[in-house]
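Engineer: this one's structure only:
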């Protein structure tokens with residue numbers, strides 16, 4: 001006797017929050033993507049989110065953007081020579097520091113290194129990161145980055161507890177960036193847009209994330225190749241995976257729900273499964289509360305594969321192919337792709353035969 005299929009919807013209390021919540025005005029000068037919240041951020045021509053025609057593109061790599069202005073929910077930045085808008089919620093805000101006297105920015109964390117720029121008393125710079133040499137911090141002035149002595153800036157007047165809190169903030173920012181770089185490495189994705197010189201790319205990564213080794217890529221992974229399995233579709237999970245492969249190469253749009261014109265990771269899984277009569281919410285964190293937990297290595301085609309820093313901070317979702325791979329709306333540059341399953345934090349099965 002043929003078993004009937006059972007849809008598992010074990011929904012527990014879901015984490016929910018307003019995507020475009022109001023934030024207070026910030027005096028901070030610059031921002032950088034918070035990869036614990038998203039893989040990429042839409043760039044809009046004005047400060048509204050009511051239609052996809054307003055989207056000019058996306059940013060998904062760890063660069064620092066100067067804040068040119070702000071509205072209630074958006075920051076204005078410069079992107080590819082244009083003034084554009086990005087949602088406030090998705091960014092870490094970097095701090096300003098003020099010079100206590102005339103001083104210099106150095107190329108390295110050493111006063112004997114080359115001078116990059118002169119700094120005047122009371123001039124404000126963007127704090128990029130704390131340096132391993134405790135006498136220096138990394139800063140940005142316009143398009144230049146380098147090192148300044150802490151004692152020459154108002155950082156030196158901070159209470160020790162406040163300074164420790166600030167250091168912890170920047171530690172978390174760069175841990176977030178490292179996790180994202182590791183995610184790209186595992187999935188064979190390039191960190192910077194096509195056409196950039198690899199040496200320049202690695203210099204930029206060292207500039208933003210000062211690790212000993214930069215992200216390496218092979219020439220074979222420079223161009224994304226859509227390799228996927230067509231699986232025997234004798235159940236809904238396999239049919240869902242096969243249906244998903246029809247949209248390979250289509251664009252990623254954060255908040256998007258259009259499989260052809262633009263979609264994000266949870267929108268992708270939501271729309272694929274809606275084709276088979278299964279309703280999922282448009283949020284990866286909430287989708288993780290559905291279904292039955294499956295161990296890595298035991299996943300089947302159609303299982304949902306989740307990534308994040310913890311079970312309470314899930315930031316990405318994909319669909320398994322059952323053979324060690326996934327299909328997903330990856331980020332603004334890659335769009336919908338297939339890749340290795342990597343090291344997910346959770347796998348859930350919606351369908352039980």
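Structural biologist: Perfect, I can see it now. The shown structure was predicted, so the numbers you read here are calculated from the model rather than taken from an experiment. Residues are numbered from 1 along each chain as shown.

Engineer: please count neighbours and contacts with C-alpha atoms only from this point.
Structural biologist: Will do.

Engineer: who does residue 129 bridge with?
Structural biologist: residue 138 (DSSP bridges).

Engineer: what distance do you get for residue 298 to residue 290?
Structural biologist: 18 Å (C-alpha to C-alpha, to the nearest Å).

Engineer: so which of those two has more stuff around it?
Structural biologist: residue 290 (20 against 11; other C-alpha atoms under 10 Å).

Engineer: quick one: that one and residue 347 touch, right?
Structural biologist: No - the criterion here is C-alpha atoms under 8 Å, and residue 290 misses it with residue 347 at 10.3 Å.

Engineer: scan this structure for its longest helix.
Structural biologist: helix 160-186 (DSSP state H).

Engineer: what about it, distance to the chain center?
Structural biologist: Centroid separation for helix 160-186 versus its chain: 13 Å, with C-alpha atoms, centre = their mean, to the nearest Å.

Engineer: pLDDT on it, on average?
Structural biologist: For helix 160-186, mean pLDDT is 86.

Engineer: give me the number of residues near residue 182?
Structural biologist: Residues within reach of residue 182, counting by other C-alpha under 10 Å, total 12.

Engineer: ignore what I typed, I meant residue 321.
Structural biologist: The tally of other residues near residue 321 (other C-alpha under 10 Å) stands at 29.

Engineer: what is the neighbour count of residue 310?
Structural biologist: The local packing of residue 310 (other C-alpha under 10 Å) involves 11 other residues.

Engineer: correct me if wrong: it contacts residue 346.
Structural biologist: No - taking contacts as C-alpha under 8 Å, residue 310 lies outside contact range of residue 346: 9.3 Å.

Engineer: domain ranges for this structure, per the record?
Structural biologist: Taking automatic domain parsing as the reference, the chain has its domains at 6-14+224-352, 96-160.

Engineer: out of those domains, nearest to residue 49?
Structural biologist: domain 6-14+224-352 (9.2 Å; C-alpha to C-alpha).

Engineer: per-residue confidence averaged over the closest one?
Structural biologist: pLDDT averaged over domain 6-14+224-352 gives 83.

Engineer: ok now that domain, how far from the chain's centre?
Structural biologist: Worked out by C-alpha atoms, centre = their mean, domain 6-14+224-352 lies 17 Å from the chain centre.

Engineer: over to stretch 45-61?
Structural biologist: Stretch 45-61 sits 16 Å away from the centroid of its parent chain (C-alpha atoms, centre = their mean).

Engineer: buried residues in that stretch, which are they?
Structural biologist: Neighbour-count burial for stretch 45-61 flags 45, 47, 49, 52, 55, 57, 58, 59, 60, 61 (criterion: 16 or more other C-alpha atoms under 10 Å).

Engineer: what's near enough to touch the closest residue to residue 260 other than its chain neighbours?
Structural biologist: Of all residues not flanking residue 260 in the chain, residue 250 sits nearest, at 5.9 Å (C-alpha to C-alpha, 6 or more residues apart in numbering). Residue 250 sits next to 259, 260, 261, 262, 335, 336 when contact means C-alpha atoms under 8 Å, 6 or more residues apart in numbering.

Engineer: now with 7 Å, please.
Structural biologist: 260, 261, 262, 335, 336 (C-alpha atoms under 7 Å, 6 or more residues apart in numbering).

Engineer: how close does the residue nearest to the spatial centre of the chain get to residue 128?
Structural biologist: For the chain, the residue nearest the mean C-alpha position is residue 39 (2.5 Å; C-alpha atoms, centre = their mean). As defined by C-alpha to C-alpha, residue 39 lies at a distance of 20 Å from residue 128.

Engineer: buried sites along stretch 120-132?
Structural biologist: 123, 124, 125, 126, 127, 128, 129, 130.

Engineer: tell me the spacing between residue 121 and residue 340.
Structural biologist: Per C-alpha to C-alpha, residue 121 is found 52 Å from residue 340.

Engineer: what's the answer for residue 134, then?
Structural biologist: Separation of residue 134 from residue 340 (C-alpha to C-alpha) stands at 40 Å.

Engineer: look at stretch 333-345 and report the distance between its end residues.
Structural biologist: Start-to-end, stretch 333-345 (C-alpha to C-alpha) is 24 Å.

Engineer: so which bits of it are buried?
Structural biologist: Buried residues in stretch 333-345, defined by neighbour count with 16+ other C-alpha under 10 Å: 333, 334, 335, 336, 337, 338, 339, 341, 342, 344, 345.

Engineer: one more: stretch 76-86?
Structural biologist: So stretch 76-86, judged by 16+ other C-alpha under 10 Å, has buried residues 76, 77, 84, 85, 86.

Engineer: and if you look at stretch 151-159?
Structural biologist: In stretch 151-159, counting by 16+ other C-alpha under 10 Å, buried: 152, 153, 154, 155.

Engineer: same thing with stretch 291-299?
Structural biologist: Those would be 291, 292, 293, 294, 296, 299, for stretch 291-299 by 16+ other C-alpha under 10 Å.

Engineer: what would these look like in JSON lines with secondary structure?
Structural biologist: Formatted as JSON lines, the buried residues of stretch 291-299 follow (DSSP: H, G, I helix; E, B strand; the rest coil):
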{"residue": "291", "secondary structure": "coil"}
{"residue": "292", "secondary structure": "strand"}
{"residue": "293", "secondary structure": "strand"}
{"residue": "294", "secondary structure": "coil"}
{"residue": "296", "secondary structure": "coil"}
{"residue": "299", "secondary structure": "coil"}
